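Participant: got a predicted structure plus its sequence, pasted below:
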Amino acid sequence: MKGRNIVLIGFMGCGKSTVGKNLADALSYEFRDTDAMIEEAYGNTISQMFAEDGEEYFRNAETELLRKLSGDAKGLVLATGGGMPMREENRTLLREIGTVVFLEAKIETILERLQNDTGRPLADGEDREKRLRPLYEKRLPVYREAADYILDTEGKSFYAIIEEIKTVAGNATKR
């Protein structure tokens, strides 16, 4: 029998998808990315959804997806979009789905990782740091509040991060 689901939260570029895929492989779990699930369900990219329908439309799609996953998902590593935990309802749903792990990285590390990334609507355009730093600072306390476990990823290999999550998730209890 597979253990509790693991939900990865954090700012864009913190490694949720990369860590999530490798963690799922290590645990023989299924890996799912909420952004990819939404794109598949709506037949549109996140960037197109933001441009054509607005951020609120996309945020509603995130909440609807979490409602569907709550209670159904088993043996899952779920990587979430960076803004997903900002809604209180979403934080509650994330905890229902599994053990919530916040992959924390410094804004400088994130900016470095995102410098050539063009597929993120909130990060696209000029003066990325000026736009992302305030968003990061706004989200950071919410991520911390939403998490069952906060994992500082700075200077750690993916292997070390995965091993730490495996240990934590194995010992985690439902809130």
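Facilitator: Now that the structure is in, tell me what you want to look at.

Participant: rest of the way, CA atoms for contacts and neighbours
Facilitator: OK.

Participant: any idea whether residue 13 is helix, strand or coil?
Facilitator: When classified by DSSP: H, G, I helix; E, B strand; the rest coil, residue 13 comes out as coil.

Participant: and it, how far from residue 133?
Facilitator: Noted for residue 13: a distance of 13 Å to residue 133, by CA to CA, to the nearest Å.

Participant: of these two, who's got more company?
Facilitator: Looking at residue 13 and residue 133 with other CA atoms under 10 Å, you find the greater number of neighbours at residue 13, namely 21 against 15.

Participant: phi, psi of the most centrally placed residue in the chain?
Facilitator: For the chain, the residue nearest the mean C-alpha position is residue 80 (2.9 Å; CA atoms, centre = their mean). Backbone geometry at residue 80, expressed as degrees, to the nearest 10, gives phi -100, psi 160.

Participant: list the contacts of it.
Facilitator: 7, 8, 9, 10, 16, 33, 34, 35 (CA atoms under 8 Å, 6 or more residues apart in numbering).

Participant: distance of the fifth one relative to residue 48?
Facilitator: Read that as residue 16. In terms of CA to CA, residue 16 sits 22 Å off from residue 48.

Participant: then the last one?
Facilitator: Remark: distance between residue 35 and residue 48 (CA to CA) = 12 Å.

Participant: have a look at the two and say which one is more surrounded.
Facilitator: Comparing residue 35 with residue 48 by neighbour count (other CA under 10 Å), the higher total belongs to residue 35, at 20 against 14.

Participant: now that one. Its backbone dihedrals?
Facilitator: For residue 35, the backbone dihedrals (degrees, to the nearest 10) come out as phi -60, psi -40.

Participant: looking at it, it is touching residue 82, isn't it?
Facilitator: No: with contact defined as CA atoms under 8 Å, residue 35 does not reach residue 82; the gap is 9.5 Å.

Participant: filter the contacts of residue 80 down to just the ones in strands.
Facilitator: With DSSP state E as the criterion, strands contain 7, 8, 9, 33 from among the contacts of residue 80.

Participant: separation between the third one and residue 52?
Facilitator: Taking CA to CA as the measure, residue 9 and residue 52 are separated by 26 Å.

Participant: have a look at the two and say which one is more surrounded.
Facilitator: Neighbour count, other CA under 10 Å: between residue 9 and residue 52, residue 9 has more, with 29 against 11.
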